[in-house]
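Undergrad: Turn this into a model:
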Amino acid sequence: MSCVEPQPGAFYLTSPYPCSYLPEQQARSQVLLPGVVPLGPAYDVLIRHGFRRSGDHIYRPRCDACQACVPVRLPIAEFQPDRSQRRCRQRNGDLEVRVLEPHFGAEHYALYRRYQAVRHGGSAMDLDDSEAYRAFIVAAPGCSRLMEWRLAGAVIAVALIDIVADGLSAVYTFYSPDHLQRGLGTLAVLEQIAWAREQGLRWLYLGFWIGASPKMAYKARFRPLEAYRDGGWIRL
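TA: Numbers count the residues shown, from 1 in each chain. Below you'll find the predicted structure:
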């Protein structure tokens, strides 16, 4: 496998589609043709160039009139939780956390459906059947893991994580809408930071930060944060 970034001919540009995060905006994505390159070193390079993975699709935004989606990453060694984040860890001290190989679990799938119904009600993701779930969450490359949190034996949060050469990539997290007061999305990021630190990894890639989107704005609370712009990473 080559560590060289795939050539331009390995990508295609999607047609415009409704943006999931900014109302009345049209989005487009630059997508790596499935099967053009194997995952592994090439995937590591793409992550460092601001790409993300969704199932077997590796992509980054290429919108015609908007640059609101900013790839961000967190330097693990420099992170110090703020007061709110420390309280989040303390508030969830009663949870059991495990790291697992990707697999289909009925509990996980039921939680995913509940989360989508609340978070993305009426969207295509809200309609995901078990096969769509498998393609998105379970059919992951060998570098992936699932992190799950249980309360009194019941699963209340799951995070899909990719292990790349220099860090972790937070692919997707879903959690119980019955426990919003616990801040499970914040907890998931904090636990991934802790896991990356234990493994001596340098970065946690957090995906796209969209300052104008309430769903994405939380990422700015993790500091220091670096953004991928104009072909390189800069400190925000």
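
Undergrad: going forward, measure contacts between C-alpha atoms and count neighbours the same way
TA: OK.

Undergrad: which sections of this structure are below the confidence cut-off?
TA: Along the chain, segments meeting pLDDT under 70 span 1-9, 35-39, 120-128.

Undergrad: remind me, longest strand of it?
TA: Identified as the longest strand of the chain according to DSSP state E is strand 154-164.

Undergrad: Counting by contacts, list what that strand packs against.
TA: helix 106-119, strand 144-151, strand 167-175 (3 or more CA pairs under 8 Å, 6 or more residues apart in numbering; DSSP states H and E).

Undergrad: switch to 6 Å and redo it
TA: Applying 3 or more CA pairs under 6 Å, 6 or more residues apart in numbering; DSSP states H and E, one finds that strand 154-164 contacts strand 144-151, strand 167-175.

Undergrad: For the ones you listed, give me JSON lines that also has mean neighbour count and distance to residue 84.
TA: Output for the helices and strands packed on strand 154-164, formatted as JSON lines (neighbours: other CA atoms under 10 Å; distance: least, CA to CA, whole Å):
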{"stretch": "strand 144-151", "mean neighbour count": "19", "distance to residue 84": "20"}
{"stretch": "strand 167-175", "mean neighbour count": "22", "distance to residue 84": "19"}
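
Undergrad: Redo those as TSV? Include distance to residue 232.
TA: Putting the helices and strands packed on strand 154-164 into TSV (distance: least, CA to CA, whole Å) gives the following:
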stretch	distance to residue 232
strand 144-151	25
strand 167-175	17
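
Undergrad: Who are the contact partners of the residue nearest in space to the middle of the chain?
TA: Central residue of the chain (CA atoms, centre = their mean): residue 171, 2.6 Å from the mean position. Applying CA atoms under 6 Å, 6 or more residues apart in numbering to residue 171 gives the contacts 160-161.

Undergrad: how close does residue 134 get to residue 106?
TA: 11 Å (CA to CA, to the nearest Å).

Undergrad: Which one's more surrounded, those two?
TA: The neighbour count for residue 134 versus residue 106, taken as other CA atoms under 10 Å, is higher for residue 134 (18 against 10).

Undergrad: and the residue nearest to that one when sequence neighbours are not counted, backbone torsions?
TA: Nearest residue to residue 134 in three dimensions, chain neighbours excluded: residue 104, at 6.8 Å (CA to CA, 6 or more residues apart in numbering). Dihedral angles of residue 104 (phi, psi; degrees, to the nearest 10) stand at phi -90, psi 120.

Undergrad: Export only the CA atoms of the strand or helix carrying residue 47, formatted as CSV.
TA: Residue 47 is part of helix 41-48 when elements are defined by DSSP states H and E. Provided in CSV are the C-alpha atoms of helix 41-48 (Å, rounded to 0.1, in the frame of the first residue of the first chain):
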residue,chain,number,x,y,z
PRO,A,41,-1.7,4.3,5.0
ALA,A,42,-3.6,6.0,2.2
TYR,A,43,-6.5,6.6,4.7
ASP,A,44,-4.1,8.0,7.2
VAL,A,45,-2.9,10.6,4.6
LEU,A,46,-6.4,11.6,3.7
ILE,A,47,-7.4,12.1,7.4
ARG,A,48,-4.4,14.5,7.6
